[in-house]
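Asks: Sharing a model that was predicted from the sequence below.
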Amino acid sequence: MAIDSYKKVHSLALVILPILSQYEYINIPLGFILFLLVSVPFIFSRFSELNVDNTWIVYVFLFVITKVFYSNLEGITDLIPVRLLIFTLILMIAQTTFNLELVMAQMSGVVALCIIIYFVQELQYLFTNSRMIPLVPFLKPNMVGEDYSSMIQRLSEHDRSSSLFLEPSYFAEYLVFALIVLQHNYKKYKRYIYVIVLCLIFLRSGLGLVMLTFLTFLTVRRLNTKRALSVIIVAVCCLPLVNFVVGDFGLGRSQELLDTSVYSSGFVRMLRGYLLLNWYTWYEWLLGFNSPYLLQERILGSELAGLYGNDDMSFNGFQSTLLYSGIVGVMLVYYPLIRQIRKSANSVFTVSAFIITSLMAATFLSPIMLLYFVLMKHKPIGKSR
């Protein structure tokens with residue numbers, strides 16, 4: 001009984017990791033700290049079982065070497081990639097202890113709670129033009145340049161709710177991952193899947209809408225003609241709802257994507273980082289430029305300075321891998337994932353969702369990246385019921 005309870009607590013620590021990691025302690029995400037604390041008994045009893053892919057070990061080695069090479073020796077975090085090493089340790093533990101059935105059961109409950117809070121916030125905003133923000137006041141939010149009071153005010157007056165998350169985009173990333181997890185047992189969790197889809201539409205997230213479109217396409221491809229036709233009919237029937245909810249908001253977001261004259265979120269997340277490659281040498285293209293401090297100095301001294309604010313080093317996951325680790329780093333991180341697509345239909349969903357998310361959001365060494373990596377390494381991933 002005690003062992004079963006421990007497994008449930010350990011699994012729950014993984015499921016809520018993205019929520020807790022919005023807060024930090026000594027510059028380390030709180031979700032990472034909690035998971036490691038819960039994992040202490042496992043580390044002492046089953047340390048020999050921990051393992052990770054050889055390609056990831058090579059990537060860590062490359063990252064450490066280039067980090068030291070570009071280091072200005074101003075601090076331990078500048079010399080040693082602490083976050084990468086913690087990420088790797090958690091990845092090793094989570095891959096060994098991951099229980100898909102338990103994760104699906106717990107994630108369905110957590111997602112249901114988040115969605116209930118979201119729609120309560122939406123109703124509040126509809127009638128009062130403000131909303132409750134369930135943040136923990138004594139914890140430090142992992143948001144640069146904002147204190148607790150200013151964050152509460154911003155979120156309460158924002159045109160989109162975000163449930164337990166600090167940004168609507170973070171909530172969308174978590175919902176998309178939950179959608180990928182729960183589709184492994186569609187028959188049991190189909191009601192949760194429908195509610196998640198509905199919430200993603202109301203959330204008006206660019207990532208959410210892109211993922212829904214792409215996943216619908218993949219679903220149609222893998223079904224027989226009769227079932228595929230029914231999915232297409234449902235999707236077409238949902239178009240008026242999508243148009244009603246998203247409306248001009250979606251058009252404006254798509255226009256922002258290609259607008260380099262404004263500081264738009266779409267352009268910042270998806271395109272801006274690639275412009276830095278114009279100032280990379282051939283060996284930086286190959287192995288990356290692994291120093292945020294020096295990279296920021298290079299930005300401020302270039303024609304791109306006007307597109308970046310102070311302390312603004314925001315890149316999507318793919319850009320971060322490319323900028324800091326070069327083409328070699330991209331191959332080490334993404335090629336093993338692409339190879340997994342051949343394993344099963346479900347792996348296509350998981351790998352595709354991660355790649356799309358990494359092209360649209362800041363996922364580099366994030367809790368969402370960790371969860372995708374763990375799920376993609378789960379061996380029984382090929383069987384969808």
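Replies: Cool, got the structure. Residues are numbered from 1 along each chain as shown.
Asks: how about the nearest residue to Glu157, chain neighbours excluded?
Replies: Spatial nearest neighbour of Glu157, excluding adjacent residues (C-beta to C-beta, 6 or more residues apart in numbering): Ser130 at 6.6 Å. Every residue, glycine included, has its C-beta placed from N, CA and C.
Asks: What separation do you get for that neighbour and Ile152?
Replies: Per C-beta to C-beta, to the nearest Å, Ser130 is found 10 Å from Ile152.
Asks: what does Glu101 give?
Replies: From Glu101 to Ile152 the distance is 38 Å (C-beta to C-beta).
Asks: So for the two, which sits in the more crowded spot?
Replies: Ile152 (16 against 12; other C-beta atoms under 10 Å).
Asks: Surely the more buried one touches Leu135?
Replies: Yes - the criterion here is C-beta atoms under 8 Å, and Ile152 meets it with Leu135 at 6.7 Å.
Asks: in this structure, which segments are predicted with low confidence?
Replies: 1-3, 72-79, 144-146, 219-269, 301-313, 342-346, 379-385 (pLDDT under 70).
Asks: Report how many residues lie close to Leu126.
Replies: 9.
Asks: What helix or strand is it located in?
Replies: Here Leu126, judged by DSSP states H and E, is contained in helix 100-128.
Asks: so what secondary structure elements neighbour the following helix or strand past that helix?
Replies: Once the chain leaves helix 100-128, the next helix or strand it forms, by DSSP H and E, is strand 140-141. For strand 140-141, the packing partners by 3 or more C-beta pairs under 8 Å, 6 or more residues apart in numbering; DSSP states H and E come out as strand 23-25.
Asks: Check which helices and strands the strand it packs on is in contact with.
Replies: Short answer (3+ C-beta pairs under 8 Å, 6+ apart): strand 23-25 packs on helix 30-38, strand 140-141.
Asks: now that strand, how far from the centre of its chain.
Replies: 17 Å (C-alpha atoms, centre = their mean, to the nearest Å).
Asks: quick one: strands adjacent to it?
Replies: strand 28-29 (antiparallel), strand 140-141 (antiparallel) (DSSP bridges).
Asks: of all the ones you listed, which lies closest to Phe373?
Replies: Ranking the strands paired with strand 23-25 by proximity to Phe373 (C-beta to C-beta) places strand 28-29 first, at 15.6 Å.
Asks: Residues in contact with the closest one: which ones?
Replies: Leu20, Ser21, Gln22, Tyr23, Val82, Arg83, Ile86, Asn142, Pro367 (C-beta atoms under 8 Å, 6 or more residues apart in numbering).
Asks: so who does Phe87 touch?
Replies: Phe87 neighbours (C-beta under 8 Å, 6+ apart): Phe32, Leu365, Leu370.
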